[in-house]
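[1] have a look at this fold, sequence not included:
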């Protein structure tokens, strides 16, 4: 048996589904522009997803994780991965219908460890019926992953919303503590390097 300095079981994989916006125009567009004929930013859903592998290892510099993840995500976003998945799903729905399409779509999604999304929210604070909105937090229900993480920016603030299945992750508070410590370590490293 080969020794592993990370003490991780053999053949362990952590992968995430990451939703991707396929629109060429990003940001909030006026409704009239979206509804007009020939608009670059059409009304309706135009999203897909990427399968994102997480590297497992022990690093002395916490920013190594960020640089690896950023490089991998940039490579995947610049490929045709998400676009091909979008058109493949549309083709399957057209050819065999929604029930079979849902089964085929669920297969790659259910073999991932978690879902991670990041959404650019409004840059300025907004209000609803005259009441200012303090923060925006997203979540979902009924997914097959044990961990769902949403990052959303709103008025120069970042909100992290996490959904955890306690049957799979028995101590969610420990996970949250470790995430908080990781973010603090990254912030400290950025401060030491004069990048913050």
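    That came in fine, so what should we check first? Quick caveat: nothing in here was measured; it's all calculated off a predicted structure.
[2] following the host helix or strand of residue 64, which helix or strand comes up?
    For residue 64, the element it lies in under DSSP states H and E is helix 63-77. Sequence-wise, the next helix or strand downstream of helix 63-77 (DSSP H and E) is helix 81-96.
[3] residue ranges with poor pLDDT in the protein?
    In the predicted model of the chain, residues 1-11, 24-35, 37-45 satisfy pLDDT under 70.
[4] now the helices for the chain?
    All helices of the chain, identified by DSSP state H, fall at 31-35, 63-77, 81-96, 98-110, 172-192.
[5] mind putting these in a markdown table, mean neighbour count and distance to residue 52 included?
    Backbone N, C-alpha and C define where each C-beta goes, glycine included. Converted to a markdown table, these look like this (neighbours: other C-beta atoms under 10 Å; distance: least, C-beta to C-beta, whole Å):
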| stretch | mean neighbour count | distance to residue 52 |
| --- | --- | --- |
| helix 31-35 | 11 | 29 |
| helix 63-77 | 13 | 7 |
| helix 81-96 | 14 | 10 |
| helix 98-110 | 13 | 12 |
| helix 172-192 | 12 | 17 |
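[6] what about those helices, which gets the closest to residue 14?
    helix 63-77 (11.7 Å; C-beta to C-beta).
[7] tell me what that closest one is packed against?
    Contact partners of helix 63-77 among helices and strands, from 3 or more C-beta pairs under 8 Å, 6 or more residues apart in numbering; DSSP states H and E: strand 47-54, helix 172-192.
[8] nearest to residue 63 among the ones you listed would be which one?
    With C-beta to C-beta as the measure, helix 172-192 is the member of the helices and strands packed on helix 63-77 nearest residue 63 (5.4 Å).
[9] tell me the gap between the closest one and the middle of its chain.
    18 Å (C-alpha atoms, centre = their mean, to the nearest Å).
[10] tell me the angle it makes with helix 63-77.
    Between the axis of helix 172-192 and that of helix 63-77 there is an angle of 100 degrees, by axes from the mean of the first three to the mean of the last three C-alpha atoms, to 10 degrees.
[11] residues touching the nearest residue to residue 120 once chain neighbours are set aside, list them.
    Once flanking residues are discounted, residue 120 sits nearest to residue 153: 5.7 Å by C-beta to C-beta, 6 or more residues apart in numbering. The neighbourhood of residue 153, defined by C-beta atoms under 8 Å, 6 or more residues apart in numbering, consists of 119, 120, 121, 159.
[12] so how far is residue 85 from residue 120?
    22 Å (C-beta to C-beta, to the nearest Å).
[13] what of residue 141?
    Separation of residue 141 from residue 85 (C-beta to C-beta): 23 Å.
[14] with residue 188 instead?
    When C-beta to C-beta is the yardstick, residue 188 and residue 85 sit 38 Å from each other.
[15] so what's residue 85 closest to, chain neighbours aside?
    Closest residue in space to residue 85, ignoring its immediate chain neighbours: residue 48 at 4.8 Å, by C-beta to C-beta, 6+ apart.
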